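# sequence? don't have it. structure:
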C-alpha cells in the first residue's frame, strides 16, 4: 500500500500518481529538451509555450509567454497540452504546478516542464488541488534531486502518494475550490487588461523622447535583503524575489510605491510594481530614482521597455548583471511629459493593487480550506457557506 501523507477518511483509495495515470490511459511525460527547441525558435506571434516561469499557483501566467511557429507545433505535437493536463516545473521550485484550462488546449508543454495527464481514473481538477496540499508539496521537495537546484523527474512524480475519494466527492471538492480560483482568474483578466493599457501607455515614452542617457543616470539598483520563508511572520507586506511577488511579511524593508527588478532566477530582469511598502529579498533589486522629479510610475514603464533580460547571464542559475544593466542607453522625455505619463498610469496601478489584494485573500481562503477538505476535517456543505460569501 502506498504511503498516506495525511489523515483521510478510511473509504478513500490510497495509490500513487503513476498508478492513477496508467489506470486511466494517461501518462507523465517530460517536455522537449533544449536541443529540440532553441531560443532562436521563439517568435512574437504563435502558439504559446509554457515554461517554468509561466507556472503560477495552479494557473498559467501568460505575461511574456514564449511562442512558437506552426512548423514547430507540428514537429513537437507529442508535447501539446490538453484540457485537464497538469504542468510542473522540472527544476527550481518543483512544487509549482498549473491545471490546463480549455482556452490553453493545444499549447506546448515547454522545456523545463513535466506534463501529467490524469486520464479517466480520477478528476483532473481534484488531483490538481490535491497536489497543492502542503504535505504533498513537502513530499515532492524531499524527494527531488540536486544539491544546487532541485530537479523533478517522471519517476519521482509517478511514485507520489495520492488519495482518491469517491468521484462525487472529487467533483464537489474540485468545484468548491474551483469557484475561488474562478474568481481569481476573473481578477487576473482585469489585471491583464490594465497591464495592456500600461503597455500601450509606455509607447508614449518613445513618442515624447527628449534625450538619451545611460540607465545609471536616472536610477540606482539596490540589493534586497535575505528573508527566508521560515523567518517570515504573517502580515500584509508583500515580499518580492527574483520571480516577482512571493508571499508576505509583517514589516517592510522599503517604503512604497516601488519597483522591483528580478536579480536571480528564471525571471531575472523582470520588472514588478508594489503600490504599497514591501520587502525585496536578496534575489531582487529595488529601484531608487536619482532624480526626484521623475515619478515612480514613469520609471516603471521605462524599465518595462528596457531590454534588461538581455543582460542576464546564461548559467545554471540565471542572474542579471547590474553594471551591464545600468549601462543600457534609454530615451527619456522631459520632466513635464514624464509627469503626464505617470498621471495617466496611476489609476491602473491602484486598480491592480486592489485586485491583487483581493486575490491574495481568496488564495488564502482556498489554501486554508484545501487541507481541511482533503482530510475530511471540514464538511463540503459547511465550506460552501464560507465560499459563497467570498465569491
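Yes, it's here. The model shown is predicted, which means the values in this text are computed figures rather than measured ones. Residues are numbered from 1 along each chain as shown.

# show me the contacts for residue 210.
331, 332, 333, 334, 337 (CB atoms under 8 Å, 6 or more residues apart in numbering). No exception for glycine: its C-beta is placed from N, CA and C like everyone else's.

# residue 27 and residue 297: what is the separation?
Counting by CB to CB, to the nearest Å, the separation of residue 27 from residue 297 is 47 Å.

# which one of those two has more residues nearby?
Using other CB atoms under 10 Å as the criterion, residue 27 and residue 297 rank with residue 297 on top: 24 against 16.

# quick one: the strands in the stretch 151-300 of the chain?
161-164, 211-214, 219-223, 237-241, 244-249, 258-262, 271-274, 279-280, 284-289 (DSSP state E, counting those that start in this stretch).

# which one of those strands has the poorest average confidence?
Of all these, strand 244-249 carries the lowest average pLDDT, namely a mean of 86.

# elements contacting it?
strand 237-241 (3 or more CB pairs under 8 Å, 6 or more residues apart in numbering; DSSP states H and E).

# note down every partner strand of the strand it packs on and its orientation.
strand 244-249 (antiparallel), strand 279-280 (parallel) (DSSP bridges).

# tabulate these in a markdown table, adding columns for distance to residue 286.
Listed next are these as a markdown table, based on distance: least, CB to CB, whole Å:
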| stretch | distance to residue 286 |
| --- | --- |
| strand 244-249 | 13 |
| strand 279-280 | 4 |
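
# closest to residue 199 out of the ones you listed?
Residue 199 sits nearest to strand 244-249 of all the strands paired with strand 237-241, at 16.7 Å, using CB to CB.

# gap between the closest one and the chain center?
Relative to its chain's centre, strand 244-249 lies at 11 Å (CA atoms, centre = their mean, to the nearest Å).

# what do you get for stretch 216-232?
Centre to centre, stretch against its chain (CA atoms, centre = their mean), the figure for stretch 216-232 is 19 Å.

# any idea which helix is longest in the chain?
Looking across the chain with DSSP state H, the single longest helix is helix 335-375.

# and the residue nearest to residue 321 when sequence neighbours are not counted, backbone torsions?
Counting by CB to CB, 6 or more residues apart in numbering, residue 321 lies nearest to residue 311, which is 4.9 Å off, once chain neighbours are set aside. The phi and psi values for residue 311, taken as degrees, to the nearest 10, are phi -100, psi 20.

# what's the longest helix of the chain packed up against?
helix 124-130, helix 167-202, strand 271-274, helix 296-304, helix 380-390.

# so which of those is nearest residue 362?
helix 167-202 (5.2 Å).

# list the buried residues of the closest one.
By neighbour count with 16 or more other CB atoms under 10 Å, helix 167-202 contains the buried residues 169-170, 172-181, 183-184, 187-188, 190-191, 194, 198, 201-202.

# likewise for stretch 378-391?
In stretch 378-391, counting by 16+ other CB under 10 Å, buried: 378, 380, 383, 387.

# report pLDDT for the residue lying closest to residue 156 once chain neighbours are set aside.
Closest residue to residue 156 apart from its sequence neighbours, by CB to CB, 6+ apart: residue 143 at 5.1 Å. According to the prediction, residue 143 has pLDDT 93.

# relative to residue 151, how far out is residue 143?
With CB to CB as the criterion, residue 143 and residue 151 are 11 Å apart.

# low-confidence ranges, the protein, go.
Low-confidence segments of the chain (pLDDT under 70): 1-2, 314-316.
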